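> Just a sequence and a predicted model for now, questions to come.
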Amino acid sequence: MSAAYPFSAIVGLADLRLALVLNAVSPAVGGVLVRGEKGTAKSTMVRALAGQLPEVAVVPGCRFSCDPASPDGQCPDGPHDPAIAGTARAARLVELPVGASEDRLAGSLDIERALTEGVKAYEPGLLAAAHRGVLYVDEVNLLHDHLVDLLLDAAAMGTSHVEREGVSVRHAARFLLVGTMNPEEGELRPQLLDRFGLTVEVAASREPRERAEVVRRRLAYEADPDAFAARWAHEDADLAERILRARTLLADVLLPDAELERIARVCASFEVDGMRADLVTARTSIALAAWHGRTEVTAEDVRQAALLALPHRRRRNPFDAPGLDEEHLDEALRDPEPEPEPEPEPEPEGDGPDGGGSPPPDADGSDGSDGSGNAARAPERTEAAPTSAPGTEDAPVEGAPTASGGGREQAAVAAAEPYRTRLFAVPGVGQGAAGRRSRARTASGRTTGSQVAAGRVARLHVAATVRAAALHQKARGRTGAGLLLRRADLREAVREGREGNLVLFVVDASGSMAARKRMRAVKGAVLSLLLDAYQRRDKVGLVTFRGADASLVLPPTSSVEIGAARLAALPTGGRTPVGAGLLRAHETLRVERLRDPLRRPLVVVVTDGRATGGRDALGESRRAARLLAATGAASLVVDCESGPVRLGLAARLAGDLGGPVVTLDELAADGLAGLVRDVRSVA
Ligand SMILES: [Zn+2]
């Protein structure tokens, strides 16, 4: 195996470097979330961190990395002899793949051996491996929900707990959580966001010289990894030593009352939730002082700590990206005036730290680069396009006004107020991740029966197992009190609950919709369905079509917030390439099937069905619909046609897609509930 890329050789990324180093100095800081586009070496840098972490002393042979000085009382490999001598090993960086199974993360209990051999056979998972080290999740925003729940539990308790049929194992699991994500692919749940001590925004440098240096070093590394690593070994060793020195100094660092009050003032001013922000900022300030070889926290430490610890904790609209207004920060950091201070002026929310502001000093001062690490980007706004000339493709006859009443239509029409929608489920029984939409075989649902266990038993059906074994007790020569169990007796529970699905919206944003002033109502409807999807723990995606083409505005994600933001900014107008929209949906589902094969899709097409653009637009849309239907994807068409002249094209499209059609009015849960048509609805 060739040498890993050295930590010190990474160009730029000063904020990330500092955040990682501070965590190495003081694990109490609580990890880092790295946000930014792909291809910024953020993963390389995180992986290189492992080499910079001080060694840990462990009990030899313990699979749970017990500290010989204070072994875990509940250690499954314990109890350990208190007199035992520890061995030192390198701190681990354990990677959690986003698609990992629950067993892989939390460990697996072999229930068969527990029952038939009476031994507690537990195979430790990644949480055990990461204890006293780093748990790294690349693309943490794509992590499955059930893994997120496990992770949050472990992070909150500092222990991991696995239980099956009354047999349980518990072990210590304290780790630094480091995650990277591309915000374009979806945001994190707020609870998970809060679990990261610090956040850092990274972007590739726009500075040509720095970019050239990145490439130069990368090429040198690829040509000869070992020689390259050897060239940087000195820097890495110096850094590791400095971290170790800072760690030793940590206990001696004083946080003066004035600085503690400054921290409290800043956190209060940014209206963060709870006290975690104050704690993390305090710990980060202390780590910073130690890192700089000082024994007292300064105002500058507090400022720098706040920049790292607060952006993701500031109370904000769900649609805002994390960020911190530096002017506001400096205002809050200022020493209080002697006279009673007036309330700080409420400032309009900024777009996050201004790239032109003063960047925090470099972590180690070794490379003069700046800027690349803290370039924050303003939330993306779709360019507002002019409305199309109405009446280019069909006569816009506005019959009944929309329920929401019409302002003049604009490029980005505001959505009508969301409402509770009916439940539209995918037919059949799936096996997807737990959720609240469609019927599914799940681990947590109610037991509906039992079956002979095939492979490893996940959920034992005790009564059925005892019944199966009872028949053979005489033949097996049972004499004592205990039941003689064999592998073949084991029955597992068949459980049924509900799964979350992938709800892929395919929304018509063309002129034929805008012309009828329907867009406000349409956006309100899609927003309502999005909120419903959030509550049902679905993934959502958004394809829109207008003008010449269709685009995937929101790749499938668990972040409904981004979906709502993209929807709000959606411009309308132009022709209606329904076929292109459906083909884009088809492609999106194909990719998603590879990523998350058990998650069944529900395609929600929102249109009036009046395909235009191209010679055979209607024929194209029908062919695309049949192609999509052939993949077995469930679908629903929301018919947006209104006015006295109705063509019923959406219904025909629904026929091709093999799914039901509903009108906008029929979406609401308390709307025309009796009118069910052929909808497979469980409202
Ligand atoms: Zn142990």
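In hand now; what should we look at?

> mind listing the helices for the stretch 101-250 of the chain?
102-106, 111-116, 126-130, 145-157, 190-195, 208-223, 225-249 (DSSP state H, counting those that start in this stretch).

> Quick one: closest of the ones you listed to Val452.
Counting by CB to CB, Val452 lies closest to helix 111-116 out of these; the figure is 12.9 Å. No exception for glycine: its C-beta is placed from N, CA and C like everyone else's.

> Mean pLDDT lowest where, among the helices of the stretch 101-250 of the chain?
Within the helices of the stretch 101-250 of the chain, the stretch with the lowest mean pLDDT is helix 111-116, showing a mean of 73.

> Tell me the buried residues in that helix?
Taking 16 or more other CB atoms under 10 Å as the basis for neighbour counts, the residues of helix 111-116 that come out buried are Ile111, Glu112, Ala114, Leu115.

> The spatially closest residue to Arg441 that is not a sequence neighbour and the ion: what is the separation?
For Arg441, ignoring the flanking residues on the chain, the nearest one in space by CB to CB, 6 or more residues apart in numbering is Gln431 at 5.1 Å. For Gln431, the distance to the ion equals 36 Å [CB to the ion, to the nearest Å].

> tell me which parts of the protein are close to the ion?
Contacts of the chain with the ion, taken as CB under 5 Å from the ion, map to Cys62, Phe64, Cys66, Cys75, Asp77, Gly78.

> What subset of these is buried?
Using 16+ other CB under 10 Å, the buried ones in these are Cys62, Phe64, Cys66, Cys75, Asp77.

> With adjacent residues omitted, what lies nearest to whichever residue of the stretch 101-250 of the chain sits closest to the ion?
Per CB to the ion, the residue of the stretch 101-250 of the chain with the smallest distance to the ion is His171, at 7.7 Å. Excluding the flanking residues, the one nearest His171 by CB to CB, 6+ apart is Phe64, at 4.8 Å.

> Tell me which residues touch the one you found, please.
If a contact means CB atoms under 8 Å, 6 or more residues apart in numbering, then Phe64 has Asp72, Cys75, Pro76, Asp77, Pro124, Ala128, His131, His171, Ala172 as its contacts.

> okay, now the first one: neighbour count?
Neighbouring residues of Asp72 were enumerated by other CB atoms under 10 Å; the total is 22.

> phi, psi of it?
For Asp72, the backbone dihedrals (degrees, to the nearest 10) come out as phi -70, psi 120.

> Quickly find the element holding the closest residue to Leu324 other than its chain neighbours.
Taking CB to CB, 6+ apart as the measure, Leu324 lies nearest to Pro311, with 4.5 Å between them; neighbours along the chain are not counted. Using DSSP states H and E, Pro311 is not contained in any helix or strand.

> From here on, call the first residue 318.
Let's use 318 as the start, then, which means that last one is Pro628.

> Touching, Pro628 and Asp642? I think so.
No. Assessed by CB atoms under 8 Å, Pro628 is found out of contact with Asp642, at 9.8 Å.

> The two: who's more crowded?
Pro628 (24 against 21).

> Roughly how far does the more buried one sit from Pro525?
Between Pro628 and Pro525 the distance, using CB to CB, to the nearest Å, works out to 28 Å.

> and if you look at Val495?
As judged by CB to CB, Val495 and Pro525 stand 30 Å apart.

> Looking only at neighbour counts, state which of these two leads.
For the pair Val495 and Pro525, the greater number of neighbours falls to Val495 (27 against 8), based on other CB under 10 Å.

> which residues touch that one?
Leu337, Asn340, Gly348, Val349, Leu350, Val351, Val363, Leu366, Val451, Leu452, Tyr453, Val454.

> could you dump those residues to CSV with neighbour count?
CSV is the format used below for the contacts of Val495 (neighbours: other CB atoms under 10 Å):
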residue, neighbour count
Leu337, 28
Asn340, 25
Gly348, 23
Val349, 28
Leu350, 26
Val351, 27
Val363, 23
Leu366, 22
Val451, 25
Leu452, 26
Tyr453, 25
Val454, 26
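
> Mind checking which of those land in strands?
For these, membership in strands holds for Val349, Leu350, Val351, Val451, Leu452, Tyr453, Val454, with DSSP state E as the criterion.

> Just the element for Gly799, please.
Following DSSP H and E, there is no helix or strand that holds Gly799.

> Then Glu617?
helix 616-626.

> Could you give the separation of that helix from the chain centroid?
26 Å (CA atoms, centre = their mean, to the nearest Å).

> Next up, phi/psi of Leu333, please.
Torsion angles at Leu333 (phi, psi; degrees, to the nearest 10) stand at phi -70, psi -40.

> Over to the one 10 residues further on?
With angles defined as degrees, to the nearest 10, Ser343 shows backbone torsions of phi -140, psi 100.

> who's in contact with the residue nearest to it when sequence neighbours are not counted?
Leaving out its chain neighbours, the residue that sits closest to Ser343 by CB to CB, 6+ apart is Ala604, at 3.9 Å. When contacts are counted by CB under 8 Å, 6+ apart, Ala604 is found next to Leu339, Asn340, Val342, Ser343, Val346, Ala563, Leu567.

> Among these, which one has the most neighbours?
Leu339 (29 neighbours).

> measure the closest residue to that one other than its chain neighbours to Glu456 for me?
Closest residue to Leu339 in three dimensions, ignoring its sequence neighbours and counting by CB to CB, 6+ apart: Ala604, at 4.4 Å. If you measure Ala604 against Glu456 using CB to CB, the figure is 27 Å.

> what do you get for Asp825?
The span separating Asp825 from Glu456 equals 31 Å under the rule CB to CB.

> These two: which is more packed in?
The residue with more neighbours, out of Asp825 and Glu456, is Asp825; 30 against 16, by other CB under 10 Å.
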